[in-house]
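1. Got a sequence here, can you model it:
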Amino acid sequence: MIMKTLLPAALAGLLCIAAATSSAQPGLKLNVHEYELDNGMKVLVKPDARAPVVVVQVWYKVGSADEHSGITGVSHVLEHMMFKGTKRYPAGEFSRIIAANGGEENAFTSRDYTAYYEMLEQSRLPIALDLEADRMRNLTMSKDAFLKEIEVVKEERRLRTDDSPPSLTYEQLNATAFNHGPYHHPIIGWMSDLEHLTIEDAGRWYDSWYAPNNATLVVVGDVEPEAVRKLAEQYFGDIPAKKLPDRKPRPEAPQRGERRAVVKAPAELPYLMQAYKTPALLMSEQEWEPYALAVAAGVLDAGRSSRLSQRLVREQQVAASAGAGYDLYSRYDDLFLLDATPASGRGMAEVEQALDHEIDKLRTELVPQAELDRVKTQVVASEVYAQDSIMTQATTLGALETIGVGWEAIEAYVERIRAVTSEQVREVSRKYLIEDKRTTAVLEPVAIQPAAKRAAAATEPAR
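-> Numbers count the residues shown, from 1 in each chain. Below is the predicted model:
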């Protein structure tokens, strides 16, 4: 099942830890120290002395949602280019230095942000800060390196999307659900845009968005907060702020009826995805609604005892797998998602009807209190110990701060989820989980062409 939950794994993990460690407390108080440098750079420090390790992350408030047609994928391409060197540390030196100090490093791009991280022994903290500060302002990009990385990204797109029928279906679902909003296009970009992206495009993106006043430094581990603040000032303090591009409002036009998309691709099994337009926490008129939607997703899919698993998979045996997910933490309004794969011998129409029946029950019936209590516990406590890491903690702080919710939302999460009532679950289901707000994408398998036959067809001369 592709889509268990849309909440990022790291974020889900720390929120679960919050629930598990808060016991009977109404909320959770994290020992987070917040600073702001004179150039506008935010600094978040969370001590955790369980091991002599530190995680360093630099988050930039720019992602695919800020792109426009013609340059989609540029945020991700620039992420690749950030490892291609500066005058002080030429290509390959960044990774070599981190490895020589026993650390690891990487980066990731999302719709709402781009982030870079290192994990090292705590005494090596200045090394990571020095390297990150250097490439924040001194990145050099050669045309040869850029052309090579574009090919790497294009191949990444082929492997992860074009050759992955579920991913291709999810991409088309978003493109259909969002006509022109920020989440219309994929993070990796459309292939046609990647083919025409230039080094000048990447350079303009770097010059526009990579600035201290558009960044957050997160440090979690065996550190002393005031010492980290001084180091941040030492390495980042003299980088000048920039005038950032204006972010114009980009609201999606109201959806006036159900939308459907059909994806035909080589696959062994059909696949169904449904999406309902729903508000994120930042955009919601009623603060409780996103939390009620999170609980509604949990009623449908929070473990083997949840409704989709119990009813569609085990009792009715109409689906081989079925899931639901909702992420209340995004910069713009997003989607409440469901997905399912039909069981052997069962049709897509049967699966769709079964999903509709479960959504209808949420709209018309109150969730029994015993079920609601169990679900709320699972929503905030599943997979607690597996996610208990300083990397998880840092990623959670950085993500929430960068999208604009603020890291303090972690402290409120437990209390808000526990406060959700059955009436509120029914109310948000009636308001948002309706046909006119729904988009459905169906994967229709076509015959998988044998490799040998494909190779022969590719080399056969045109007639």
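
2. so E365 touches R426, yeah?
-> Yes: judged on CB atoms under 8 Å, E365 makes contact with R426 at a distance of 7.3 Å. Just so you know, the C-beta spots here come from the backbone N, C-alpha and C atoms, and that holds for glycine as well.

3. what's the least confident helix or strand in this structure, going by average pLDDT?
-> Here the helix or strand of the chain ranked lowest by mean pLDDT, DSSP states H and E is helix 9-22, holding a mean of 40.

4. who's more crowded, E365 and R426?
-> R426 (19 against 12; other CB atoms under 10 Å).

5. Which elements pack onto the host helix or strand of that one?
-> Assigned by DSSP states H and E, R426 falls within helix 422-432. Packing contacts for helix 422-432, counted by 3 or more CB pairs under 8 Å, 6 or more residues apart in numbering; DSSP states H and E, involve strand 271-278, helix 288-300, helix 348-364, helix 369-381.

6. For T341, see how far away I403 is.
-> From I403 over to T341 the distance is 31 Å, taken as CB to CB, to the nearest Å.

7. between those two, who's got more neighbours?
-> I403 (24 against 21).

8. Quick one: the strands in the stretch 201-350 of the chain, in order.
-> Along the stretch 201-350 of the chain, counting by DSSP state E, counting those that start in this stretch, strands occupy 215-221, 259-266, 271-278, 319-326, 334-342.

9. same deal with the stretch 51-200 of the chain?
-> Secondary structure of the stretch 51-200 of the chain (DSSP E, counting those that start in this stretch): strands located at 53-60, 104-109, 114-121.

10. How about the contacts made by R304?
-> Going by CB atoms under 8 Å, 6 or more residues apart in numbering, R304 touches Q310.

11. Could you work out which of the strands of the stretch 51-200 of the chain reaches nearest to M273?
-> Closest of the strands of the stretch 51-200 of the chain to M273 is strand 104-109, at 22.4 Å (criterion: CB to CB).

12. Which segments of the chain make up each domain?
-> 40-236, 259-446 (automatic domain parsing).

13. returning to what we had before: any chance of TSV for the strands of the stretch 201-350 of the chain, columns distance to N174 and mean pLDDT?
-> Formatted as TSV, those follow (distance: least, CB to CB, whole Å; pLDDT from 0 to 100):
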stretch	distance to N174	mean pLDDT
strand 215-221	26	97
strand 259-266	10	97
strand 271-278	8	98
strand 319-326	14	97
strand 334-342	8	98
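
14. and those strands, which is most packed in?
-> strand 215-221 (a mean of 27; mean count of other CB atoms under 10 Å).

15. which residues are contacting that strand?
-> So strand 215-221 is contacted by 41-48, 51, 53-61, 122, 125, 129, 132, 136, 228, 232, 236, 390-391, 393-394, 397-398, 401-402 (CB under 8 Å, 6+ apart).

16. before we move on, back to that, with mean pLDDT added, can I get the strands of the stretch 51-200 of the chain in a markdown table?
-> Formatted as a markdown table, those follow (pLDDT from 0 to 100):
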| stretch | mean pLDDT |
| --- | --- |
| strand 53-60 | 98 |
| strand 104-109 | 98 |
| strand 114-121 | 98 |
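
17. how about those strands, which one is nearest H180?
-> Of all the strands of the stretch 51-200 of the chain, strand 104-109 comes closest under CB to CB, at 21.3 Å.

18. Just the angle for that closest one relative to strand 53-60, thanks.
-> Inter-element angle recorded for strand 104-109 and strand 53-60: 30 degrees (by axes from the mean of the first three to the mean of the last three CA atoms, to 10 degrees).

19. Can I get strand 104-109 as CSV, trimmed to CA atoms?
-> Below are the C-alpha coordinates for strand 104-109, written out as CSV (Å, rounded to 0.1, in the frame of the first residue of the first chain):
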residue,chain,number,x,y,z
GLU,A,104,26.6,11.4,7.1
GLU,A,105,24.9,14.0,5.1
ASN,A,106,22.0,14.4,2.6
ALA,A,107,19.2,16.6,1.5
PHE,A,108,15.5,16.5,0.5
THR,A,109,13.1,18.6,-1.4
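
20. Mind giving me the packing neighbours of it?
-> With contacts defined as 3+ CB pairs under 8 Å, 6+ apart, the packing partners of strand 104-109 are helix 74-81, helix 93-100, strand 114-121.

21. hmm, try it at 10 Å
-> strand 53-60, helix 74-81, helix 93-100, strand 114-121, helix 125-137 (3 or more CB pairs under 10 Å, 6 or more residues apart in numbering; DSSP states H and E).

22. Would you reformat the helices and strands packed on helix 422-432 as a markdown table and include distance to K264?
-> Listed next are these as a markdown table, based on distance: least, CB to CB, whole Å:
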| stretch | distance to K264 |
| --- | --- |
| strand 271-278 | 12 |
| helix 288-300 | 28 |
| helix 348-364 | 13 |
| helix 369-381 | 36 |
